[in-house]
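Novice: Give the three-dimensional model of this entry:
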Amino acid sequence: MQTQLAPQFANTPEGIEAERILGKCVHCGFCTATCPTYQLLGDELDGPRGRIYLIKQIAEGQAPTEKTRLHLDRCLTCRNCESTCPSGVQYGKLIDIGRQWAEENTPKRPLGQRLTRWALKEGLTKPALFNSAMALGRLMRPLMPHGIKRKIPKLKNKAHAPSTNPHTRPTHHHDRKMIILEGCVQPGMLPNINSATARVLDALKIELISAPNATCCGALRFHLNHQAGGLDNARQNIDAWWPLVEQGIEAIVMTASGCGVMVKDYVHLLAGDSKYAAKAQKISDLTKDISEILPGLQTELVELIGNDPKPGVVYHPPCTLQHGQQIRGNVEALLTSIGIGVRLCTDSHLCCGSAGTYSVTQPELSEQLRKNKLAHLNTACEEFDADVIVSGNIGCITHLQQEDRPVLHWIEMVDQLLSKRTSQ
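Specialist: Alright, predicted model coming up:
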């Protein structure tokens with residue numbers, strides 16, 4: 001697709017990048033078949049092909065409207081279209097550029113939207129503030145409406161609680177060392193995920209280290225059009241991790257695939273920053289989802305846990321893992337190797353509707369997608385006689401919570417099995 005950049009975008013990094021990406025699109029429409037918002041709304045402008053057309057219009061100088069901005073806002077950035085596209089269009093990068101252009105060239109949002117987006121950018125990315133709010137929310141949880149109550153998960157369903165304290169981490173030192181990104185909301189909402197990861201890796205003779213000055217990965221700010229703030233977060237993390245990188249750290253472990261896809265993209269986002277470009281490349285190369293780490297330790301894990309048959313689970317693969325990072329099959333293969341049967345549900349490639357802050361900024365669409373996903377997941381559980389749903393991203397896990405069937409991070413299942421074996 002040919003694009004004639006308007007003067008204000010010509011010779012800018014964003015304009016050059018947008019022109020390159022737009023040039024790959026042949027408007028075949030394969031992407032619309034796997035776009036969750038197009039399936040719900042049936043509007044061409046609420047699918048990837050239509051949004052690409054809107055961004056092309058902006059790039060060529062046509063002024064965006066609030067309606068343009070709305071169609072771009074409605075995108076989940078699930079990147080399912082990237083998995084489907086035969087031409088290799090990097091839609092995720094393009095939608096970020098288009099949203100920024102639309103934000104800068106349309107009237108200010110209504111006050112309510114501005115306050116909500118400010119609260120998300122500032123409140124969720126400050127762990128001390130968020131953790132305090134979460135602790136208060138848990139106290140008030142019984143009195144809250146169902147929709148809000150769901151956003152405040154219980155620390156752990158008793159039927160599936162680990163035998164160790166969810167805040168307890170090993171203190172052993174090992175020659176092999178890796179960094180963990182704690183995350184913004186995960187320690188406050190579901191602290192057992194990172195603790196379980198540390199215990200599992202400790203059993204495999206790997207020490208997990210936190211860098212005290214590390215912060216939010218930057219995704220929350222970046223995808224809410226505060227891209228400068230997101231890049232500041234990226235630089236702060238690189239500075240926090242770099243001394244450990246120089247000491248020979250093996251990997252930077254991600255237990256939330258939404259963070260992982262952002263940190264792996266530092267190399268692209270900071271390519272034009274002469275001070276950070278080379279470091280960003282190294283950081284991105286070191287960054288691994290936990291589902292990329294454990295397959296290399298499968299033999300040791302089987303020795304610790306065994307491969308005898310165990311209760312099965314239904315697995316929800318996060319979009320940020322299967323589409324954003326293009327990692328598929330790792331979790332299923334690993335759990336199967338230790339005796340856990342794994343089933344995917346119908347339309348497992350589709351987004352659950354969480355999508356970072358999407359469940360707050362687009363609640364109606366998010367709720368429709370959640371209901372659809374849960375219907376498929378629960379059907380799979382009944383057919384497979386599974387009591388537990390597992391996933392690999394904090395957003396999906398909290399979004400899909402329900403009273404009668406727990407949703408856990410799959411690493412927690414591995415941790416539980418290790419705990420049972422060591423206590424026998």
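
Novice: Could you use CA atoms for every contact and neighbour count after this?
Specialist: Will do.

Novice: Please tell me how far Leu400 sits from Lys371.
Specialist: Using CA to CA, to the nearest Å, Leu400 is found at 9 Å from Lys371.

Novice: Which of these two has more residues huddled nearby?
Specialist: The neighbour comparison of Leu400 against Lys371 (other CA atoms under 10 Å) goes to Leu400, with 24 against 14.

Novice: Go ahead and confirm that one touches Val407.
Specialist: Yes. In this structure, Leu400 is within contact of Val407 by CA atoms under 8 Å, at 6.9 Å.

Novice: Spatially central, which residue of the chain would that be?
Specialist: Gly258 (1.7 Å; CA atoms, centre = their mean).

Novice: quick one: it and Asn393 touch, right?
Specialist: Yes. Between Gly258 and Asn393 there is a contact at 6.4 Å, judged by CA under 8 Å.

Novice: Give me the three-state assignment for the residue lying closest to Ala355 once chain neighbours are set aside.
Specialist: Of all residues not flanking Ala355 in the chain, Leu76 sits nearest, at 5.8 Å (CA to CA, 6 or more residues apart in numbering). The three-state label for Leu76, taken from DSSP: H, G, I helix; E, B strand; the rest coil, comes out as coil.

Novice: For Leu76, grab phi and psi.
Specialist: Main-chain torsions, Leu76, degrees, to the nearest 10: phi -80, psi -10.

Novice: for it, what are its contacts?
Specialist: Thr37, Gly353, Ala355, Tyr358 (CA atoms under 8 Å, 6 or more residues apart in numbering).

Novice: quick check, nearest of the residues you listed to Ala6?
Specialist: Ranked by distance to Ala6 (CA to CA), the contacts of Leu76 are led by Thr37 at 29.4 Å.

Novice: Let me know whether the closest one touches Asp73 as I believe.
Specialist: No. Counting by CA under 8 Å, Thr37 does not reach Asp73; the two are 10.9 Å apart.

Novice: Going by how many neighbours each has, rank the two and give me the top one.
Specialist: Higher neighbour count among Thr37 and Asp73: Thr37, with 24 against 19, using other CA under 10 Å.

Novice: Contact partners for that one?
Specialist: Asp46, Gly47, Arg74, Cys75, Leu76, Leu365.

Novice: For those residues, name the two members farthest from one another.
Specialist: Gly47 and Leu365 (13.7 Å).

Novice: circling back to that earlier point, now the contacts of Thr37: which count as buried?
Specialist: Buried by 16 or more other CA atoms under 10 Å: Asp46, Gly47, Arg74, Cys75, Leu76, Leu365, out of the contacts of Thr37.

Novice: which of the contacts of Leu76 has the most neighbours?
Specialist: Neighbour max across the contacts of Leu76 (other CA under 10 Å) = Gly353, 30 neighbours.
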